[in-house]
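J.: Just the structure for this:
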Amino acid sequence: MGSVNENLYNFNAGILSKDACIVIVHTEWNAEIVNKLLEGCKKILKQYGMNNYKIITVPGAFEIPFAVKNFWDTYQNKFEKPQAFIALGCVLRGDTPHFEYVCKAVTDGVLHLNLILPVPTIFGVLTVDNQQQADERTGGVHGNKGEEAALSALKMMALKYS
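T.: Alright, predicted model coming up:
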């Protein structure tokens, strides 16, 4: 059984501009779970003084890559162009192959974004078998993956500037 990655929480954000724009794209689907990820994400961003974040809501995980790409295409040449995207969602396994299709699509979509955009897109989408696994990853024994996604975004932004 895994646990919280304490090393992830050791980070000096001094190199980052506090004005950097971070865009969080989260799903409406499985809102009770995703809202806990979103709250964890916002908590970490605020803790590190990153208050210039935007929140975009999409219906489901399948729509995340489109929303990221559309936002980038719209704002890449604006004053507040995004410095990172954070994708938050939850796909719960059901009785049909739909789970595998959605998980593969969103995973491939985020990977593709990381290869074509000059800024990182962080994968904060839970792909779990049941509610218990989701609970364990939204404040349970595995921590809050929304917090980890925010920290990953900050570290990737710092990597870009180092």
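J.: correct me, but Val128 touches Ala134?
T.: Yes. With contact defined as Cβ atoms under 8 Å, Val128 counts as touching Ala134 (5.0 Å). (Glycine included, C-beta is placed from N, CA and C.)
J.: Quick check, pLDDT for Asn77.
T.: pLDDT, Asn77: 94.
J.: can I get the CA coordinates of the helix or strand of the chain with the lowest mean pLDDT in CSV?
T.: Of all helical and strand segments in the chain, the minimum by mean pLDDT, DSSP states H and E falls on helix 145-161, at a mean of 94. Provided in CSV are the C-alpha atoms of helix 145-161 (Å, rounded to 0.1, in the frame of the first residue of the first chain):
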residue,chain,number,x,y,z
LYS,A,145,-3.9,14.2,-5.2
GLY,A,146,-5.2,17.7,-5.9
GLU,A,147,-2.5,19.0,-3.6
GLU,A,148,0.1,16.9,-5.3
ALA,A,149,-1.0,18.1,-8.7
ALA,A,150,-0.6,21.8,-7.6
LEU,A,151,2.9,21.0,-6.3
SER,A,152,3.8,19.2,-9.5
ALA,A,153,2.7,22.2,-11.5
LEU,A,154,4.9,24.5,-9.4
LYS,A,155,7.9,22.2,-9.7
MET,A,156,7.4,21.9,-13.5
MET,A,157,7.1,25.7,-13.8
ALA,A,158,10.4,26.1,-11.8
LEU,A,159,12.0,23.4,-14.0
LYS,A,160,11.2,25.5,-17.0
TYR,A,161,12.9,28.6,-15.5
